[in-house]
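Trainee: coordinates only, sequence not included:
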């Protein structure tokens, strides 16, 4: 019974935790620059993000370039070796919207 009350109490405490505000416009892009740590991966196709999956990538660093583009440094395994994967996304001029040109194999 005590365990049930403890669980109920902890549930209520967690439910009281406030929700964070989601910024939908007027992004302050320089605030995202710096070191990043990937903690979760999500996909509709789980096999893509499982060990040795083609979309299993980890963000290491994001930089804001002088022309408002974003530079990303990812890491992924290629043939069993951890490989750095640089990527640059260009601003579309629309607030918080960026494009990436890539080739699919």
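Mentor: Structure received. Computed from a prediction, not measured in an experiment: that's the story for all the values here.
Trainee: Can you pull the phi/psi pair for residue 47?
Mentor: phi -60, psi -20 (degrees, to the nearest 10).
Trainee: how close does it get to residue 81?
Mentor: For residue 47, the distance to residue 81 equals 21 Å [C-beta to C-beta, to the nearest Å]. Yep, even glycine has a C-beta here, placed from its N, CA and C like the rest.
Trainee: of the two, who's got more company?
Mentor: Legend: neighbour count by other C-beta atoms under 10 Å for residue 47 and residue 81, higher for residue 47 (11 against 7).
Trainee: close enough to count as contact, the more buried one and residue 53?
Mentor: Yes - here residue 47 reaches residue 53: they are 5.9 Å apart, a contact under C-beta atoms under 8 Å.
Trainee: Return the list of strands paired to the top strand by length along the chain, each annotated with direction.
Mentor: Determined from DSSP state E, the single longest strand within the chain is strand 81-91. According to DSSP bridges, strand 81-91 forms sheet pairs with strand 70-78 (antiparallel), strand 98-99 (antiparallel).
Trainee: Contact partners for residue 97?
Mentor: By C-beta atoms under 8 Å, 6 or more residues apart in numbering, the residues touching residue 97 are residue 91.
Trainee: At the geometric centre of this structure, which residue sits there?
Mentor: For the chain, the residue lying nearest the average C-alpha position, counting by C-alpha atoms, centre = their mean, turns out to be residue 38 (6.4 Å).
Trainee: Distance of that one relative to residue 76?
Mentor: 11 Å.
Trainee: Pull up the overlap in contacts between the two.
Mentor: By C-beta under 8 Å, 6+ apart, residue 38 and residue 76 have these common neighbours: 57, 58.
Trainee: Look up the residues forming beta bridges with residue 57.
Mentor: Using DSSP bridges, the bridge partners assigned to residue 57 are residue 76.
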